[in-house]
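Q: Turn this into a model:
(2 chains)
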Amino acid sequence: MYNYEPQDQRIVEERAAQFRGQVQRRLDGSVIENEFKPLRLQNGLYMQLHAYMLRVAIPYGLLNTKQVRRLAHIARKYDRGYAHFTTRQNIQYNWPQLQDVPAILDELAEVQMHAIQTSGNCIRNTTSDHLAGVAQDELEDPRPYCELIRQWSTFHPEFAFLPRKFKIAVTGAPAHDRAAIRFHDIGVRIVDNAAGERGFEVWVGGGLGRTPHIAKICREYVAYADLLSYLEAIMRVYNRQGRRDNKYKARIKILVNAMGIEAFAAAVDAEWAEIKDSALKLERSEIDRIRVQFAAPEYAPAGDDNLAGLLLGSNRELAHFVRNNLRPHKVPGYTAVMVSLKPKGRPPGDVSDTQLEALADIADTFSQGELVVTHGQNLVLPNVRKQDVAAVHAKLSEWELGTPNIGHLTDSICCPGLDFCNLANARSIPLAMEINERFDAIDYLEDLGPISLKISGCINACGHHHVGDIGILGIDKLGVEAYQLLLGGSPGDDASIGSIVGQAFDADKIVDAVQTVLDVYLANRSSADERFRDTYRRIGKAPFKKALYADH
Amino acid sequence: MARDKGTHWVITANRTDDGAPVYVGASDAWTLSLAESRTTVDDDEKDALLAAAATQERVVCDPYAFRVVLGGNGTAQATTARERIRGTGPTTPLRRDDAPTPTPS
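A: Below you'll find the predicted structure:
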């Protein structure tokens, strides 16, 4: 992974020192909240319902075990012994005291981490494919380009006060988008052109939230040397023409939609012509300087694996784990292991300090000392020998980390909701836990097959409810929580936005409604192999609506 | 004595040191307990309390007034899910217990 150069280290240390002074002035009364708020938000410090919340950046989701142990230490020393992985590959602490935050930032800086670009109207932490670097279906590891984007965007003076926040995702897998690039302000896909030259397809104007949009292709091919100048051209058009009069219309998706993609792309091209041959032109040596830091580790020879035997073995939990939690690896004999943070009875995405330390130990022993955070609020051990899968599962299970439900109904994406969030209208975590409790029979989940459930506690859609097979949106009905049900969303190559089925359900009826949806699916699928999404697209909303509102 | 008919209001804010929700209490000091908060039905009094809270920039952040109803013992009770949860804390489990789960056989 990328190791900080001296200037990277200096930047995060200086930022931590600056914030120490700003906090001191807030605490001695010389700075008031209205003055302090933009400063704290530039350092990832939010005010939530019950406490401050510190969001720490995890660039493209990648962590080494030294960093994981430091995150555990921070949870124990400065918080309540746990932390929460977010739906954007970051991590949050829910209970920091204001006076401790400078010390937390110092501790993060010591392990090359920070909380910059996790809040505010700037280019946020760049996200990527959680299988980057190990995926079989990858053209090239996208993380060096994510890192280039990080270095270009951090403290970019032109883009410190954008009309609104700005999110970029990069994938290196041409045919299997695991980074949801069509739902980002900019999505970048590594491609080869007709001449076989490596470059990027650039999508623009995607997003969820109040007004969901699927991104459109802004340019089908940008040569690798022109990546940053092309991104900068997009940012300049947005920065100049994006709306600043209404925060709900300020994202680039609104601008792209208003201008039309052709006019927007033409404006970008005009801007690009001015800066294409500037200092933003990428030298191959500069890319290689970063790429070498993401070079594949030395893979020890892998022996014979016994995965087929495990699938048929008497340890059914392990068999389900092998079936559901492993992903193909580019190196023979290896696999990527998905670690579910969705066990029954726990809030999705939460980990304790001791679980983090156990994960660091497991990653050191079995996965070359790296962990990856997914936007689905799980973790990946990216480099596990297949022969070690049983041992890894046993170790994970000791720490309630071996749940074999990846990609299934109980592997929900879920925002913090009204239990924590100052913006939320309704709780989301209790719903996810209730669904996990109700539908815990593994054979039932296996029969359902891959199905995604995504829950947001408000229209801002941190729980990605628009792109779940089943989406749930919490709303406020005169102070009472209620829930809308959406069906048919998809974040990937077959992107679609879920559609609201009908009027909202009361809190005590929404899990029954999910049960009804599942019943309709099981009764209508053409075979056990037809996924929920395909059944929904074939039969449409009507049968679900009829069953859901039969009494109305 | 203030009137007891009409909309009852409580003044709240988040404490600067740790972000905890606090309420203007009976003696005008900040309290962590909604049940110990001072309620008013007088709009002028509400505005005066809010203005006073806004001057306490070091102690609290972003004060605002919200509606409550009075319980049987005359104490304030929240009328929305938001203020109810804000007043009592998350309804979900926080840190998991450290006792390791048994390894599956």
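
Q: residues in chain B within reach of chain A, list them.
A: Taking Cβ under 8 Å from any Cβ of the partner chain as the measure of proximity, chain B contacts chain A at B:14, B:16-21, B:57-58, B:61-62, B:79-82, B:85-86, B:89-96, B:98, B:100-101, B:103-105. (C-beta placed from N, C-alpha, C; glycine too.)

Q: What about these, which are in strands?
A: B:14, B:21, B:61-62 (DSSP state E).

Q: Buried members of these into PyMOL, please.
A: This is the PyMOL syntax for the buried subset of these, where burial follows 16 or more other Cβ atoms under 10 Å in any protein chain shown:
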select buried, chain B and resi 14+21+61
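
Q: now the ones in strands among the residues of chain B next to chain A in TSV, with pLDDT?
A: Below are these laid out as TSV (pLDDT from 0 to 100):
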residue	pLDDT
B:14	98
B:21	98
B:61	97
B:62	96
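
Q: Out of the ones in strands among the residues of chain B next to chain A, the closest to chain A would be?
A: Minimum separation from chain A among those (Cβ to the nearest Cβ) is found for residue B:61, which lies at 4.3 Å.

Q: thinking that closest one is in contact with residue B:13, fair?
A: Yes - using Cβ atoms under 8 Å, residue B:61 is in contact with residue B:13, at 6.0 Å.

Q: Show me which of the residues of chain B next to chain A are buried.
A: By neighbour count, with 16+ other Cβ under 10 Å, those hold B:14, B:16, B:19-21, B:57-58, B:61, B:79-82, B:85-86, B:90, B:92, B:94-96 as buried.

Q: Residue A:40 - that's part of a strand, no?
A: No - according to DSSP: H, G, I helix; E, B strand; the rest coil, residue A:40 belongs to no strand; its state is helix.

Q: Residue 31: neighbour count?
A: This is for chain A. Neighbourhood size, residue A:31 [other Cβ atoms under 10 Å in any protein chain shown]: 18.

Q: wrong chain, I was asking about chain B
A: Residue B:31, neighbours per other Cβ under 10 Å, totals 16.

Q: Need phi/psi at it.
A: phi -130, psi 150 (degrees, to the nearest 10).

Q: dump the residue contacts of it.
A: B:22-25, B:37 (Cβ atoms under 8 Å, 6 or more residues apart in numbering or on different chains).

Q: which of the residues you listed lies closest to chain A?
A: Relative to chain A, and with distances defined as Cβ to the nearest Cβ, the nearest of the contacts of residue B:31 is residue B:22, at 11.1 Å.

Q: who's the closest one bridged to?
A: With beta bridges defined as DSSP bridges, residue B:22 has these partners: residue B:13.

Q: Nearest residue to residue A:327 in space, please, no chain neighbours.
A: In this structure, residue A:327 finds its nearest non-sequential neighbour in residue A:336, 4.3 Å apart by Cβ to Cβ, 6 or more residues apart in numbering or on different chains.

Q: Could you do residue A:319 as well?
A: Sequence neighbours aside, residue A:311 is the residue nearest to residue A:319 in space, at 5.2 Å (criterion: Cβ to Cβ, 6+ apart).

Q: Kindly tell me how buried the closest residue to chain B within chain A is, as a neighbour count.
A: Ranked by Cβ to the nearest Cβ, the top residue of chain A for proximity to chain B is residue A:479, at 3.4 Å. Neighbourhood size, residue A:479 [other Cβ under 10 Å]: 14.

Q: What of residue A:394?
A: 14.

Q: Tell me if it really is in a strand.
A: No - using three-state DSSP, the assignment for residue A:394 is helix, not a strand.

Q: Next one, pLDDT for it please.
A: Residue A:394 is assigned 98 on the pLDDT scale.

Q: same question, the one 4 residues further on
A: Residue A:398 is assigned 96 on the pLDDT scale.

Q: ditto for the one 5 residues further on
A: Model confidence at residue A:403, given as pLDDT, is 97.

Q: Could you pull up the residues touching the residue nearest to it when sequence neighbours are not counted?
A: Computed as Cβ to Cβ, 6+ apart, the closest residue to residue A:403 that is not its neighbour in sequence is residue A:340, at 4.1 Å. Residues in contact with residue A:340 (Cβ under 8 Å, 6+ apart) are A:325, A:378, A:401-406, A:411.

Q: tell me the phi and psi of residue A:340?
A: phi -80, psi 130.

Q: and it, how far is that from residue A:377?
A: Shown here: residue A:340 relative to residue A:377, a distance of 9 Å by Cβ to Cβ, to the nearest Å.

Q: With residue A:81 instead?
A: Distance from residue A:81 to residue A:377, counting by Cβ to Cβ: 19 Å.

Q: Same drill for these two, tell me which one is more crowded.
A: Taking neighbours as other Cβ under 10 Å, residue A:81 and residue A:377 compare with residue A:377 leading, 26 against 16.

Q: In chain B, which residue sits closest to chain A?
A: Closest point on chain B to chain A, by Cβ to the nearest Cβ, is residue B:80, at 3.4 Å.

Q: still on that earlier bit, I'd like to know which of the residues of chain B next to chain A are part of helices.
A: Using DSSP state H, the members of these that fall in helices are B:81-82, B:85-86.

Q: Out of these, which is nearest to residue A:257?
A: residue B:82 (31.9 Å; Cβ to Cβ).

Q: Let me know the secondary structure of the residue nearest to the closest one when sequence neighbours are not counted.
A: Spatial nearest neighbour of residue B:82, excluding adjacent residues (Cβ to Cβ, 6+ apart): residue A:418 at 6.3 Å. Following three-state DSSP, residue A:418 is assigned to helix.
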